[in-house]
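Asker: No sequence on hand, only this structure:
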């Protein structure tokens with residue numbers, strides 16, 4: 001193994017650790033800020049630590065792709081879920097359950113299978129302005145639908161919307177960088193067009209972060225698994241539908257992708273059912289307040305003494 005591959009592995013592991021720490025921080029903030037507004041969230045330093053960790057994880061992921069191939073970096077990036085489980089359990093002062101480990105293993109296997117059959121876009125391939133606007137409109141509609149059911153399904157709707165938003169932001173970022181590098185097939189976009197797509201990138205990136213924060217109100221493991229699955233899935237849909245990409249292996253690749261999706265879905269279901277029960281702290285008892293009053297006893301007319309008669 002050469003030095004570039006080793007560096008790619010180290011950067012990928014560091015990126016996964018950064019994302020995992022950020023997810024744990026967001027989950028703890030979601031528990032502490034339940035029902036609070038976004039302004040309350042933005043006023044907490046822990047939120048900005050989570051934002052910084054997410055940004056650092058993204059930068060290290062990009063750096064890892066510079067030194068290593070996608071087939072090496074992407075599966076290692078999927079270890080975010082595996083790293084987040086023990087970190088979250090440590091802060092909750094408990095052990096990771098066997099069901100959580102099994103769910104994480106199934107999810108990781110499915111995610112790795114999806115990554116193995118999907119390939120990166122050919123250099124220079126990117127969305128046109130019309131395609132970018134169409135993808136943005138469809139994504140906003142999908143996010144609205146998924147977010148409406150987010151709270152009712154343990155945060156999984158918000159997690160799906162978050163992953164889709166992040167995946168679309170990555171696809172639109174590719175368009176912006178290709179336009180700035182003058183590598184778009186139809187030539188570079190006008191400055192206002194590039195600025196418009198860059199604004200969409202920022203919107204979806206920030207929206208994905210806020211949606212993941214809402215998703216973590218339903219726990220850590222299952223929402224994080226769905227975010228990690230929805231992100232590459234959204235990118236794969238865009239690549240296949242608009243950029244002419246195909247799954248590796250032809251028909252076998254499609255079957256592999258379907259099987260991997262089923263495996264990952266089983267893992268998510270296991271993680272959803274493995275949420276640890278919250279500890280019930282007994283409240284201090286107040287004997288005087290909790291004592292059940294005895295019923296009022298009426299004297300038995302047979303045993304009760306007769307009242308003294310009045311003097312004549």
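Answerer: Yep, it's here. From a predicted model like this one, the values you see are computed outputs, not experimental measurements.

Asker: Residue 143 is in contact with residue 157, correct?
Answerer: No: look at residue 157 against residue 143 with CB atoms under 8 Å: they stay out of range, at 9.6 Å. In this view, the C-beta of every residue, glycine as well, is placed from N, C-alpha and C.

Asker: For residue 126, pull up the helix or strand it's in.
Answerer: Under DSSP states H and E, no helix or strand contains residue 126.

Asker: Does it touch residue 180 like I think?
Answerer: No: if you go by CB under 8 Å, residue 126 and residue 180 don't touch, sitting 10.9 Å apart.

Asker: With neighbour numbers in mind, choose between these two.
Answerer: Between residue 126 and residue 180, counted using other CB atoms under 10 Å, residue 126 has the larger neighbour count: 27 against 13.

Asker: and the closest residue to residue 105 other than its chain neighbours, helix, strand or coil?
Answerer: Excluding its sequence neighbours, the residue lying closest to residue 105 (CB to CB, 6 or more residues apart in numbering) is residue 267, at 7.1 Å. Put simply, residue 267 is helix when judged by DSSP: H, G, I helix; E, B strand; the rest coil.

Asker: Pretty sure residue 267 sits against residue 225.
Answerer: Yes: Residue 267 lies in contact with residue 225 (CB under 8 Å); the separation is 6.4 Å.

Asker: neighbour count winner among the two?
Answerer: Remark: of residue 267 and residue 225, residue 225 carries more neighbours, 32 against 25, as counted by other CB under 10 Å.

Asker: give me the element the more buried one is part of.
Answerer: Assigned by DSSP H and E, residue 225 falls in helix 221-242.

Asker: That helix: how far from the chain's middle?
Answerer: In this view, helix 221-242 has its centroid 11 Å away from the chain centroid, taken as CA atoms, centre = their mean, to the nearest Å.

Asker: For it, buried residues please.
Answerer: Neighbour counts using 16 or more other CB atoms under 10 Å place 221-236, 238-239, 242 of helix 221-242 among the buried residues.

Asker: Low-confidence ranges, the stretch 1-150 of the chain, go.
Answerer: By pLDDT under 70, the weakly predicted segments of the stretch 1-150 of the chain are 1, 34-37, 69-71, 74, 119-125, 149-150.

Asker: how about the helices in it?
Answerer: 3-32, 38-42, 45-67, 70-77, 80-91, 98-117, 129-148 (DSSP state H, counting those that start in this stretch).

Asker: so which of the ones you listed gets nearest residue 189?
Answerer: helix 129-148 (6.1 Å; CB to CB).

Asker: Could you list every helix and strand in contact with the closest one?
Answerer: Judged by 3 or more CB pairs under 8 Å, 6 or more residues apart in numbering; DSSP states H and E, helix 129-148 is in contact with helix 156-180, helix 191-215, helix 221-242.

Asker: Report the angle between the first one and helix 45-67.
Answerer: This means helix 156-180. 50 degrees (axes from the mean of the first three to the mean of the last three CA atoms, to 10 degrees).

Asker: Please name every helix or strand in contact with helix 156-180.
Answerer: helix 129-148, helix 191-215, helix 221-242.

Asker: possible to save the ones you listed as TSV with distance to residue 32?
Answerer: Compiled in TSV, the helices and strands packed on helix 156-180 are given as follows (distance: least, CB to CB, whole Å):
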stretch	distance to residue 32
helix 129-148	22
helix 191-215	12
helix 221-242	16
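
Asker: what's the closest of these to residue 75?
Answerer: In this view, those are compared for proximity to residue 75 by CB to CB, and helix 221-242 is the closest at 11.0 Å.

Asker: For residue 144, see how far away the nearest residue to residue 18 once chain neighbours are set aside is.
Answerer: Computed as CB to CB, 6+ apart, the closest residue to residue 18 that is not its neighbour in sequence is residue 57, at 3.4 Å. Residue 57 is 27 Å from residue 144, where distance means CB to CB, to the nearest Å.

Asker: More neighbours: these two, which one.
Answerer: residue 57 (22 against 10).

Asker: The more buried one and residue 51, how far apart?
Answerer: In terms of CB to CB, residue 57 sits 11 Å off from residue 51.

Asker: any shared contact partners between those two?
Answerer: Here residue 57 and residue 51 have residue 22 as joint contacts, going by CB atoms under 8 Å, 6 or more residues apart in numbering.

Asker: avg pLDDT for stretch 225-241?
Answerer: In this model, stretch 225-241 carries a mean pLDDT of 84.

Asker: count of neighbours near residue 10?
Answerer: Residue 10 has 15 nearby residues by other CB under 10 Å.

Asker: For residue 220, see how far away the closest residue to residue 129 other than its chain neighbours is.
Answerer: Excluding the flanking residues, the one nearest residue 129 by CB to CB, 6+ apart is residue 193, at 5.2 Å. Distance, residue 193 to residue 220, by CB to CB: 40 Å.

Asker: Which of the two has more residues huddled nearby?
Answerer: A count of neighbours by other CB under 10 Å puts residue 220 above the other of residue 193 and residue 220, at 30 against 17.
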